[in-house]
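Engineer: Got a predicted structure plus its sequence, pasted below:
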Amino acid sequence: MPRFRPVGVAAVLTVALAVAACSGDPAATADPPASSTSAAPMTPTLSWTDCGDGFRCTTIEVPKDWNAPAGEKISIAMTQLPATGARTGEMFVNWGGPGDSGNTSIRTRGKAISDVTGGSLDIITWDPRGLGTSTPITCAEGNIAYFEADPGTPEGLQAMAAAAQQRRDACVARYGTYLGVLGTVQGVRDLEAMRIAAGAPTLNFLGLSYGTRIGATYAAMFPNTVGNMVLDGSMSQKGTAKDTADGMVRAGQDSLDRWFARCAAKPDCAFGPDPGAGYDTLFAKVRAEQPVVPGTDGKRLTAGLVHQIVLAGLVDYGGSQEAAEEAVAAYLRKGDPSMLYAVGLGIAGQRPDGTFTNGPEIFQFVSCADWPMRLTLPEVQAAASDPAKVSPRLGAFASSFALTNTTACPPVKDGPLPLPTRPVAGKVLILGNTSDAETPLENGEELHSMIAGSRVLVLDTMGHTSFYRSQCMAAAGGAALTRGELPAEGARCAS
């Protein structure tokens, strides 16, 4: 998902509900960014092995720091879904985050890509550096406090900042300078090494949410080897953390209004006949009661966790809106906070055994690496109170989620993200929704203005990303990935 989510909604929804109930030189294919001064090492050919259910797996070693390629190495874990028809090549996929495990996502979401590409491509994904099984970092300190905190209060924002600091301190103590090389620029060099090792002459790529930032950065760094590329739910490549927060506030309010209208049209809307009033009642009730959740040894539901439910409703991904409404109804009508609590923690990345995925860590430190902006807690509090005037119900949450981590960043190695303004060799299709709370359509239009020859295809609906929610968008993505065919300028898909 691109609100640089710690973990994709679809990947945790089922678990949450259950709780409730070749060789080459990567640097030689294009001009490297100015920050890289050393030649990259030779990349080995990949050796795939069967890893069950028709998938194949491998690992590749890459430099821990691409600015010092002769130094320490890390391991990147990869998964492939082989072509099922007449093979014409390969493509790489990143489903977003930062913090969404590609090696997990491909097992439930890879077949849809195979179907729209006619089974003609080997589909390859990976866990980006630091995540999952790719020389991971693990420091969950502060996670519970971070997600339980109420961003609508000064005390809540202070608790979020303290939790982010706790997470950073724990990670620095364990991993040192590794935290400073987890950003997108380093990750794109990993991707280029994987492309070469896979024997792909160019990079065919599908990126969703944060994956669009990977694709855009690749186009900036290696324009001559861009193949067919589809970018769905674009993040801003040049905006600051504050720009991103402001965009999410505006887009989030629009999506919230659309969600309310959609719910009000139902005879049994979870929020009641006046969804806005029901929403306000929900938060007032949770803040006043802090209800104890049955079967959790006294743990309580907080407004911070309810905001995770709101996010699930806004992104409307893989059944998340329906699950959010079911959880809201259970509490407002029956007084049972169990589902709100379970789904909220599931969206935040907690497993049934109480441990967390390491998505929150990756979310924090990739954001730090990609955004030079650093804020103090008072600056975050001021920024969060300003968008609240635009969106009293959502502003503080949308703003704080993008900004709080900037108060607790380790030193980073790379500068601002490069912009994809040089002509690219291949075809680029940008997908976007008219109302996307995490990645506003304006981001896709910005990317379109930078990548000459690209096209934008718009889906008239709410929700985050479109490839998996529309046959029209998926078919256009498949045509672009397999044949380099782009729709006409200004084309749209109906909801």
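Structural biologist: Nice, I can see it.

Engineer: Let me know the next secondary structure element after the longest helix seen in the chain.
Structural biologist: The residue-count maximum for a helix in the chain (DSSP state H) belongs to helix 241-264. Counting by DSSP states H and E, the next helix or strand C-terminal to helix 241-264 is helix 275-289.

Engineer: angle of that next one against helix 241-264?
Structural biologist: With axes from the mean of the first three to the mean of the last three CA atoms, to 10 degrees applied, the angle from helix 275-289 to helix 241-264 works out at 110 degrees.

Engineer: in helix 275-289, what's buried?
Structural biologist: Using 16 or more other CB atoms under 10 Å as the test for burial, helix 275-289 gives 275, 278-279, 282-283, 285-286. For glycine as for every other residue, the C-beta is placed from the backbone atoms N, C-alpha and C.

Engineer: May I ask which two of these are separated the most?
Structural biologist: Using CB to CB, the buried residues of helix 275-289 reach their maximum pairwise distance at 275 and 286, which is 16.5 Å.

Engineer: Please enumerate the strands of this structure.
Structural biologist: Counting by DSSP state E, the chain has strands at residues 49-50, 56-63, 73-81, 89-94, 121-126, 203-208, 226-232, 427-435, 455-462, 492-493.

Engineer: Those strands: which one's closest to residue 109?
Structural biologist: Of all those, strand 89-94 comes closest under CB to CB, at 8.5 Å.

Engineer: Pairing partners for the closest one, with directions?
Structural biologist: The pairing partners recorded for strand 89-94 under DSSP bridges are strand 121-126 (parallel), strand 203-208 (parallel).

Engineer: Residue 104 is nearest to which of these?
Structural biologist: Nearest to residue 104 among the strands paired with strand 89-94 is strand 121-126; the distance by CB to CB comes to 9.3 Å.

Engineer: Could you pull out the buried residues of that closest one?
Structural biologist: Residues of strand 121-126 classed as buried by neighbour count (16+ other CB under 10 Å): 121-126.

Engineer: Same list, those residues, but as TSV with distance to residue 297 and pLDDT please.
Structural biologist: Formatted as TSV, those follow (distance: CB to CB, whole Å; pLDDT from 0 to 100):
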residue	distance to residue 297	pLDDT
121	49	98
122	48	98
123	43	98
124	43	98
125	38	98
126	38	98
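
Engineer: In terms of distance to residue 206, which of these ranks first?
Structural biologist: Distance ranking of the buried residues of strand 121-126 against residue 206, using CB to CB, places residue 123 first at 8.6 Å.

Engineer: For the closest one, give the beta-bridge partners.
Structural biologist: Beta-bridge partners, per DSSP bridges, of residue 123: residue 81, residue 91.

Engineer: and it, what does it touch?
Structural biologist: The contact partners of residue 123, taken as CB atoms under 8 Å, 6 or more residues apart in numbering, are 80-81, 90-91, 93, 106, 110, 113-114, 117.

Engineer: that older thread, check the buried residues of strand 121-126 against residue 293 and report the nearest one.
Structural biologist: Residue 293 lies nearest to residue 125 out of those, by CB to CB, at 35.3 Å.
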